[in-house]
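**Q** Sequence first, then the predicted structure:
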Amino acid sequence: MNIIKVKDYEALSEKACEYLIDRIRAVEKTVLGLATGSTPEGLYKRLIEKYREGNVSFKDVTTFNLDEYVGLKKEDPNSYYYFMKDKLFNHIDVEMENVYLPKGVVADLEGECSEYERLIQTAGNIDVQILGLGLNGHIGFNEPGTAFSSRTHIVELDASTREANARFFDSIDEVPTQAITMGIETIMESKEIVLLVSGEKKAEAVKQLIEGEVSEDFPATVLRNHDKVTLIADEGALGKV
Ligand code: GLP
């Protein structure tokens, strides 16, 4: 794993932005894997700035998001669809027909999982996947215990994940109990992965990621089996390694 250490969250967002723009320029018709959560917000802000300055275009970019809550409609402000439009897609020149997120409200959720896999494969797989890190080691919404061989699937969210995400909702009771997420094997098929981690509260998780045993008990450790992973982390997040 290639580790890029930066001072703080601002520097992390800047570095991630440079990295991504470089890949968008280098790879024709780039397929990006995108993530939600607070960590990539700074990256998205910077990408918008670079787009406005004329430094990058997303016209030929296709995007696939990692996950979506089950039961939240696209227009629900807490859906990841809404988040992505609000934080990125509404402000850049990406074609919405090239934007994909798993659908959280469909009659056939299992069918939606296979359809999402099919779409990723049809696009030729993900060139660069952005990831955040859950406190319990989850990537996407793959909670501890998820098989490394998993493909896009429906998950029951851990109590700790629902608590961590409750800050976006009026109360914890409103946090969905299920999500649809790319599987670990789906993520691992990305040609390149960029993991973003910021802040002291993630320091223990980063230690586990780098020094712990590679195990389904801490899903992110699987990334050590991938030959092109870059961890961009700040001093706080790297404080225990
Ligand atoms: C959420 C998302 C993940 C994200 C993680 C960390 O539950 N499903 O994709 O990476 O938790 O979030 P944050 O960046 O807010 O710490």
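**A** That came through, no problem. Model, not experiment: these values are computed from the prediction.
**Q** before we move on, what SS does Asp76 have?
**A** coil (DSSP: H, G, I helix; E, B strand; the rest coil).
**Q** Next, it: phi, psi?
**A** With angles defined as degrees, to the nearest 10, Asp76 sits at phi -70, psi 130.
**Q** phi, psi of the residue nearest the centre of the chain?
**A** The geometric centre of the chain, computed from its C-alpha atoms, lies nearest to Ala35 (C-alpha atoms, centre = their mean), at 2.4 Å. When read as degrees, to the nearest 10, the backbone of Ala35 gives phi -130, psi 160.
**Q** How about Val128?
**A** Backbone geometry at Val128, expressed as degrees, to the nearest 10, gives phi -130, psi 120.
**Q** residues of the least confident helix or strand in the chain by mean pLDDT that come out buried?
**A** Ranked by mean pLDDT, DSSP states H and E, the helix or strand of the chain with the weakest confidence is helix 159-165, at a mean of 91. Under the neighbour-count criterion of 16 or more other C-beta atoms under 10 Å, helix 159-165 has Thr161, Arg162, Ala164, Asn165 buried. Placement of C-beta: from N, CA and C, glycine included.
**Q** again, but for stretch 58-70
**A** Judged by neighbour count (16+ other C-beta under 10 Å), stretch 58-70 contains these buried residues: Phe58, Val61, Thr62, Thr63, Phe64, Asn65, Leu66, Asp67, Glu68, Tyr69, Val70.
**Q** That stretch near the ligand at all?
**A** Yes - with C-beta under 6 Å from any ligand atom as the measure, stretch 58-70 is seen reaching the ligand through Leu66, Asp67.
**Q** so how far is the first residue of that stretch from its last?
**A** This stretch, stretch 58-70, spans 28 Å end to end (C-alpha to C-alpha, to the nearest Å).
**Q** so for it, what's the average pLDDT?
**A** For stretch 58-70, the mean pLDDT works out to 98.
**Q** Distance from the chain centre to that stretch, please.
**A** Offset of stretch 58-70 from its chain centre (C-alpha atoms, centre = their mean, to the nearest Å): 9 Å.
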